[in-house]
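# With the input below, show me the fold.
(chains A and B)
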Amino acid sequence: DAGVIQSPRHEVTEMGQEVTLRCKPISGHDYLFWYRQTMMRGLELLIYFNNNVPIDDSGMPEDRFSAKMPNASFSTLKIQPSEPRDSAVYFCASSSRGPTMVNEQFFGPGTRLTVL
Amino acid sequence: GQNIDQPTEMTATEGAIVQINCTYQTSGFNGLFWYQQHAGEAPTFLSYNVLDGLEEKGRFSSFLSRSKGYSYLLLKELQMKDSASYLCAATNTDKLIFGTGTRLQVFP
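As a prediction, the model looks like this:
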């Protein structure tokens, strides 16, 4: 398997623009996670899905952020409008079991987002 | 509430042993994960502890004390390639809460 695939790897945009990040989980994994990583706050869970259904979105910072999973092999994280404070590395991860089970999460390479 | 604490940075010498500590406070605790993250790369899974005690996996070992809310990652026979950030993550009911990570630098 190719592992978790994310695109784009780097994104530079201007404040106010819409940003869409994409993720393809490992085939057969029922759980998909979106994380954001910054120096100050570390790795934060934004939202996770089980069988394409959002389970917990309490980490989504505000209404400007939205995530969808239309099918088992694709998910998007959208920021509209983007702000400079959204600059971070966004990781997608997938796993075959729930987040608290004895089971590792496999992370994608991340998208480094810079909002000017 | 929920809180994960680990040192920000550590340094060590090639061939030495280093211990990275982590204290946690979460509700609905099930277990403790350690991940390794090289600069500019994704985190990768190292270990998982659910019961008290030591789990050994090659040069890496991880320890958990549930009563003390404490874990450590022990790295033996350090190699230059072990220079990375090490993330402690504790389960909180239905999700993982990550610490900000400990950046380890290994010097020759």
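
# how about stretch B:87-96: buried residues?
Across stretch B:87-96, burial judged by 16 or more other CB atoms under 10 Å in any protein chain shown covers B:87, B:88, B:89, B:90, B:91, B:92, B:95, B:96. Where C-beta positions appear, they are placed from N, C-alpha and C, glycine not excepted.

# how close does the spatially most central residue of chain A get to residue B:63?
With distances taken as CA atoms, centre = their mean, residue A:34 lies nearest the centre of chain A, 2.8 Å away. Residue A:34 is 31 Å from residue B:63, where distance means CB to CB, to the nearest Å.

# and the gap between residue B:72 and residue A:27?
Taking CB to CB as the measure, residue B:72 falls 36 Å from residue A:27.

# right, and the helix or strand after the lowest-mean-pLDDT helix or strand in chain B?
Lowest by mean pLDDT, DSSP states H and E among the helices and strands of chain B is strand B:95-98, with a mean of 86. Next in sequence after strand B:95-98, counting helices and strands by DSSP states H and E, comes strand B:102-107.

# Contact partners for the residue lying closest to residue A:92 once chain neighbours are set aside?
The shortest distance from residue A:92 to any non-neighbouring residue, by CB to CB, 6 or more residues apart in numbering or on different chains, is to residue A:23 (3.5 Å). Contacts for residue A:23 (CB atoms under 8 Å, 6 or more residues apart in numbering or on different chains) come out as A:4, A:5, A:6, A:32, A:34, A:74, A:75, A:76, A:77, A:92, A:108.

# Do you know the pLDDT at residue A:23?
Note for residue A:23: predicted pLDDT of 98.

# what's the answer for residue B:93, then?
Reported pLDDT for residue B:93: 69.

# show me where the chain has strands.
You didn't pick a chain, so chain A it is. Using DSSP state E, the strands of chain A run over residues A:5-7, A:10-13, A:19-24, A:31-38, A:42-50, A:53-56, A:65-71, A:74-79, A:88-95, A:106-107, A:111-115.

# hm, I was asking about chain B
Going by DSSP E, chain B shows strands at B:3-5, B:9-13, B:18-25, B:32-37, B:44-49, B:53-57, B:60-65, B:70-75, B:84-92, B:95-98, B:102-107.

# Mind listing the strands the shortest one pairs with, and their directions?
Applying DSSP bridges, strand B:3-5 is found paired with strand B:18-25 (antiparallel).

# How far off centre is the strand it pairs with?
6 Å (CA atoms, centre = their mean, to the nearest Å).

# Flag every buried residue along it.
So for strand B:18-25, counting by 16+ other CB under 10 Å, buried means B:18, B:20, B:22, B:23, B:24.
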